[in-house]
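1. coords please:
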Amino acid sequence: MYIQVLVDFDILGDYNTKKKQFDENLDTLNKIGSIYKTHLFISLKDIDFFNSLNINDNIIICIEENIANKDEFILKCKENSEWILYFRNKIQTVMCENNIVYAPIELKEDISIFKNISFTEHAKNKKYYHDFSNYYMYTLANDTQKEGEFLIKVFKKFLKKDTGNVLDCCCGVGRHAYILAMNGFRVSGFDFSSDQIENAKKIHGHINIDYNVMDARYFDFEDKDFDMSYCMWTTYNYFSLDEDFKKFILANYNHQKEGGILVLDSKNIPRLDFHRLYNRYTEKENFKMDILINKYVYNNIQNSQYFLFINDEGNNKFFFDDEFVRFYTIAELKNIISGLYELVDIYGDFDMNRYDEKNSNRFIVILRRK
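-> Next up is the predicted model:
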């Protein structure tokens, strides 16, 4: 799949004003220029300004006065590409028209809108979990088998049993539930997305699994005697409000027997760079997909944007999605689980190595029900 990027950055003011405006997006420009062929449109009057900046050598500077017709130039680029990603600083939202995706150069979302709203409410509308659900397994860059085996090891280590009843909280398409079911566990999986649950039943159905559409803060099963619960892959971090997270913890507490285990897995956000931008390409028979992923970290919050370019049996499709997740510190976790669970271990990866805040890739918490 061939994607070309165009960047149209119309900046105004004196040198210092321009530099302040541009510096905020220079990192994005340089990172994307290292991934895709990129044309940067500038005015002749700004050439000295741009020459003073440290711009990636892969970025082609196009002087607008030397382009007779910009629309024709864009169409020419399109003839040689499957997709055009066109960044402009004068638009506010991402939109797609005739295989040209228009996006604002400033990708960071406004976190202030979530002052009293849980990130969960935002996540409920993610296309990733609805319109895009059929392609969900193609997007993953993780080892489902290894993660499932990790959960089995945790179960055996802390419960001293080979099998039992487990809850898969926010199960998605059931990739972990299926591994455990294949190993003799009885799994009740649930997710707020009916599309994810429908696909879970199709691709990860098993006699040992019962899939349900439920909100993780209010789930309710007749069985209240589960041995272990787990919530994988930075999903409980949608509970950005303490009260939401407490509801989730209490719901698990009410469904587990005394001594039951709750596993909470997330990215170790404190070790991540402030800004990451990268792509992930997948190609299978009659299917190609390129995902451009942009992530910002603000203290304990990560904001992500996903540009998904797909060719499925000759049909081009585009999806854009974004999300926010909150990282909980050990002290915050202990406060929320107080009186219900105790913290018994923390791992930094699925090999069960000890957690190190500065170096571990993951933050995997093991809680025991009191």
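
2. mind listing what residue 62 touches?
-> Residue 62 sits next to 39-42, 73 when contact means Cβ atoms under 8 Å, 6 or more residues apart in numbering. All C-beta spots, glycine's among them, are computed from the backbone N, C-alpha and C.

3. farthest pair within the residues you listed?
-> Spatial extent of the contacts of residue 62 (Cβ to Cβ) is set by the pair 42 and 73 at 13.6 Å.

4. who has more neighbours out of the two?
-> Neighbour comparison, residue 42 and residue 73: the larger count goes to residue 42, with 19 against 16 (by other Cβ atoms under 10 Å).

5. where is the longest helix in the protein?
-> For the chain, the helix with the greatest residue count under DSSP state H is helix 15-33.

6. who does that one touch, helix- and strand-wise?
-> Judged by 3 or more Cβ pairs under 8 Å, 6 or more residues apart in numbering; DSSP states H and E, the packing partners of helix 15-33 are strand 3-8, strand 37-42, helix 47-51, strand 59-63, strand 275-284.

7. chain center to the third one, what's the gap?
-> Its chain's C-alpha centre and that of helix 47-51 lie 36 Å apart, by Cα atoms, centre = their mean, to the nearest Å.

8. try the last one
-> Distance of strand 275-284 from its chain centroid, counting by Cα atoms, centre = their mean, is 12 Å.

9. paired strands for that strand, with orientation please.
-> Applying DSSP bridges to the sheet, strand 275-284 is found paired with strand 287-298 (antiparallel).

10. tell me the mean pLDDT over the strand it pairs with?
-> Averaging pLDDT along strand 287-298 gives 96.

11. next structured bit after that strand?
-> Downstream of strand 287-298, the next assigned helix or strand under DSSP states H and E is strand 301-312.

12. residue nearest the centroid of the chain?
-> Most central in the chain under Cα atoms, centre = their mean is residue 304, positioned 6.2 Å from the mean C-alpha point.

13. so for the helix or strand of the chain with the lowest mean pLDDT, what gets flagged as buried?
-> Sorting the helices and strands of the chain by mean pLDDT, DSSP states H and E puts helix 15-33 at the bottom, at a mean of 85. Neighbour-count burial for helix 15-33 flags 18-19, 21-22, 25-26, 28-30, 32-33 (criterion: 16 or more other Cβ atoms under 10 Å).

14. same question, stretch 84-104
-> Buried-residue list, stretch 84-104, by 16+ other Cβ under 10 Å: 84-89, 94, 96, 100-103.

15. would you put the C-alpha positions of that stretch in PDB?
-> Output of stretch 84-104 as PDB, limited to C-alpha atoms (Å, rounded to 0.1, in the frame of the first residue of the first chain):
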ATOM      1  CA  ILE A  84      -3.300  10.800   0.200                       C
ATOM      2  CA  LEU A  85      -3.100  12.000   3.800                       C
ATOM      3  CA  TYR A  86      -3.400  15.800   3.600                       C
ATOM      4  CA  PHE A  87      -2.600  17.800   6.800                       C
ATOM      5  CA  ARG A  88      -3.900  21.300   7.000                       C
ATOM      6  CA  ASN A  89      -3.900  23.700   9.900                       C
ATOM      7  CA  LYS A  90      -7.100  25.300   8.800                       C
ATOM      8  CA  ILE A  91      -9.400  22.300   9.400                       C
ATOM      9  CA  GLN A  92     -10.600  21.000  12.700                       C
ATOM     10  CA  THR A  93     -11.700  17.400  12.100                       C
ATOM     11  CA  VAL A  94     -10.600  14.300  10.100                       C
ATOM     12  CA  MET A  95     -12.600  13.500   7.000                       C
ATOM     13  CA  CYS A  96     -12.100  11.400   3.900                       C
ATOM     14  CA  GLU A  97     -13.100  12.100   0.300                       C
ATOM     15  CA  ASN A  98     -12.200  10.100  -2.800                       C
ATOM     16  CA  ASN A  99      -9.200   8.400  -1.000                       C
ATOM     17  CA  ILE A 100      -7.900  11.800   0.200                       C
ATOM     18  CA  VAL A 101      -7.900  12.000   4.000                       C
ATOM     19  CA  TYR A 102      -7.900  15.600   5.400                       C
ATOM     20  CA  ALA A 103      -6.600  16.100   8.900                       C
ATOM     21  CA  PRO A 104      -5.600  19.000  11.200                       C
END
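
16. gap between that stretch and the chain center?
-> 21 Å.

17. pLDDT (mean, whole number) over that stretch?
-> Per-residue pLDDT over stretch 84-104 has a mean of 93.

18. then stretch 167-184?
-> For stretch 167-184, mean pLDDT is 98.

19. could you dump that stretch to CSV, C-alpha only?
-> Extracted as CSV, the C-alpha positions of stretch 167-184 are listed here (Å, rounded to 0.1, in the frame of the first residue of the first chain):
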residue,chain,number,x,y,z
LEU,A,167,-14.4,-13.6,34.2
ASP,A,168,-13.0,-11.9,31.1
CYS,A,169,-13.8,-8.2,31.7
CYS,A,170,-14.0,-6.1,28.5
CYS,A,171,-13.3,-9.2,26.5
GLY,A,172,-13.3,-7.6,23.1
VAL,A,173,-13.4,-10.4,20.5
GLY,A,174,-12.5,-13.0,23.1
ARG,A,175,-8.9,-13.7,22.2
HIS,A,176,-7.9,-14.4,25.8
ALA,A,177,-11.1,-16.2,26.7
TYR,A,178,-10.5,-18.6,23.9
ILE,A,179,-7.0,-19.5,25.1
LEU,A,180,-8.2,-20.2,28.6
ALA,A,181,-11.3,-22.2,27.3
MET,A,182,-9.0,-24.4,25.2
ASN,A,183,-7.1,-25.1,28.5
GLY,A,184,-10.2,-26.3,30.3
